[in-house]
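**Q** What shape does this take:
(4 chains)
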2 protein chains.
Amino acid sequence: MSQTIAADSFPPRSHEAKRVAIVDAAMSVFCREGFAGANIDLIAAEAGVSRQTVYNHHGDKEKLFVAVVRELTERCNAGIFATLATFPDQPKDLEADLIGYAVRMNRNCICSRDGKFLRKLIQTEGERYPELFAEWRENGPGTTLPALAARFARLAFAGHLAIDDPDVTARHFVGLINAELQIDFMMGIQPSQEEVLQSATHGVRAFLRAYGARQPASRQREAAPA
Amino acid sequence: MSQTIAADSFPPRSHEAKRVAIVDAAMSVFCREGFAGANIDLIAAEAGVSRQTVYNHHGDKEKLFVAVVRELTERCNAGIFATLATFPDQPKDLEADLIGYAVRMNRNCICSRDGKFLRKLIQTEGERYPELFAEWRENGPGTTLPALAARFARLAFAGHLAIDDPDVTARHFVGLINAELQIDFMMGIQPSQEEVLQSATHGVRAFLRAYGARQPASRQREAAPA
DNA sequence: AGAAAATTAGACAATGTTGTCTAAATTGTC
DNA sequence: GACAATTTAGACAACATTGTCTAATTTTCT
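**A** So this is what the prediction gives:
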């Protein structure tokens, strides 16, 4: 009856907390060492549990790996959609607003710890587990890119952009704002805040030169093709 | 001591041929399985030699891995510089010429078997062998990107482009022509010829909208024919 | 407090891998 | 044909890892 003040112990949580700790540790180790190189003893130690507990929770190494990928996909997708909701549909300053959006997306989703880990797993194990990552491909880029394309189509409809194919435009946007981060992405390095901002700034400026509307906002000298 | 004619006195053909076969097989297996997952027996079998021969040639697994990365870096850099030499310095049709260059670069260097393998090794083992890949980074993108930037600066000087920072421009060019290949690159898939052409076409068009000279290029100065 | 569930440490067999060694076989050269 | 270098297959020890099992301990619930 004497309920000690629940300082930091959550009676029903302990079990689940361990599950999360195991998945988190497995994430880190799988990404660092690859599937083959990952060591269950190391995962257990890093999670602060015994090896047997890892097996109790997840059965075997491959099931643990699948759990890691699913968790990572879920987390990243949630973040991307949350950020997508901040897209500037009614921009005041189109350039500044797009740069802000690009930086949010990159900092919170693409360059975050989870983003880095998911990328690494796709890169290292994508070929070996095609069905597992087909799921990611569908729910990830297969869903978020069209959603982004729709936002650009809307901006074009409102006269802020002059675009042809919204899907191509979306991919060009992503390609441009990440243009200076490619090597970091390949090496599995997290770019600095500064790099992210700079790549986004340069990228958005080029993007607007390619896709900005020429008519409404500012008159540019036009070498009229007429 | 028996200094016979140093042409083919040894069994260089067979011997060297085996060395190459081993490195080639190791490439394939390391890329498919990762360093930890790669199996020397499998490499030997794939090279058509006995396991002992692998050890005779390369000492141990790590030395073999280093040999693979060096060979791959060398091959890819050679290809990139060869292709860079075909950059359209005096374009007739700027769009068509840049698309052609982009397709050549991607097909021959980036999406080739070697290009795919090198990318995969950087992605999977880049963090574990920083000094090994620092070498690649310097001789690879660290050299080829400035070289490409110089070409763009020259085009701008000749009035074909309107650019600000040539290095940023070069990265934007690469980002745009690869915009539709990113997922394939992440998954370690070789894009089809058709995909490469399409991504290059869309990319170059956007690139020229962003960086094309607003007025047709005027020949400011005629280079003296050498 | 007492029962039920979860966790732990450790031992354990089974398996696979690396790298070495040896004796036989193959190859190319004189 | 003889000779020297290379290659081969196989055995081998050392080691690491996975996944199971057990008995003791801790945690949680009633």
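**Q** got any ranges where chain A has weak pLDDT?
**A** Counting by pLDDT under 70, chain A shows low-confidence ranges at A:1-13, A:215-226.
**Q** Show me which residues of it are close to DNA strand C?
**A** By the rule C-beta under 7 Å from any atom of the strand, the part of chain A lying against DNA strand C is A:14-15, A:18, A:48-53, A:56-57. Placement of C-beta: from N, CA and C, glycine included.
**Q** ok, of those residues, which one's closest to DNA strand D?
**A** Within the set of those, residue A:14 lies nearest DNA strand D; the separation is 3.4 Å, counting by C-beta to the nearest atom of the strand.
**Q** just the helices in chain A please.
**A** In chain order, chain A shows helices spanning A:13-37, A:40-47, A:51-58, A:61-84, A:94-105, A:113-125, A:130-139, A:141-157, A:166-177, A:182-187, A:193-211, with DSSP state H as the criterion.
**Q** In the third one, which residues are buried?
**A** It stands for helix A:51-58. Under the neighbour-count criterion of 16 or more other C-beta atoms under 10 Å in any protein chain shown, helix A:51-58 has A:53-54, A:57-58 buried.
**Q** Now do that helix against helix A:40-47, angle only.
**A** What separates the directions of helix A:51-58 and helix A:40-47 is an angle of 90 degrees, with axes from the mean of the first three to the mean of the last three C-alpha atoms, to 10 degrees.
**Q** Give me the packing partners of helix A:51-58, helices and strands only.
**A** Using 3 or more C-beta pairs under 8 Å, 6 or more residues apart in numbering or on different chains; DSSP states H and E as the contact criterion, the secondary-structure elements in contact with helix A:51-58 are helix A:13-37, helix A:40-47, helix A:61-84.
**Q** The shortest one now?
**A** In terms of contact count using 3+ C-beta pairs under 8 Å, 6+ apart, helix A:182-187 is assigned the packing partners helix B:113-125, helix B:130-139, helix B:166-177.
**Q** which of those helices is buried the deepest?
**A** Comparing the helices and strands packed on helix A:182-187 by mean neighbour count (mean count of other C-beta atoms under 10 Å in any protein chain shown), helix B:166-177 ranks first with a mean of 24.
**Q** can you give me the angle that one makes with helix B:141-157?
**A** Counting by the same axes, to 10 degrees, helix B:166-177 lies at 100 degrees to helix B:141-157.
**Q** what about helix B:166-177, distance to the chain center?
**A** Taking C-alpha atoms, centre = their mean, to the nearest Å, one finds helix B:166-177 lying 16 Å from the centre of the chain it belongs to.
**Q** which helices and strands does that helix pack with?
**A** helix A:166-177, helix A:182-187, helix A:193-211, helix B:94-105, helix B:141-157, helix B:193-211.
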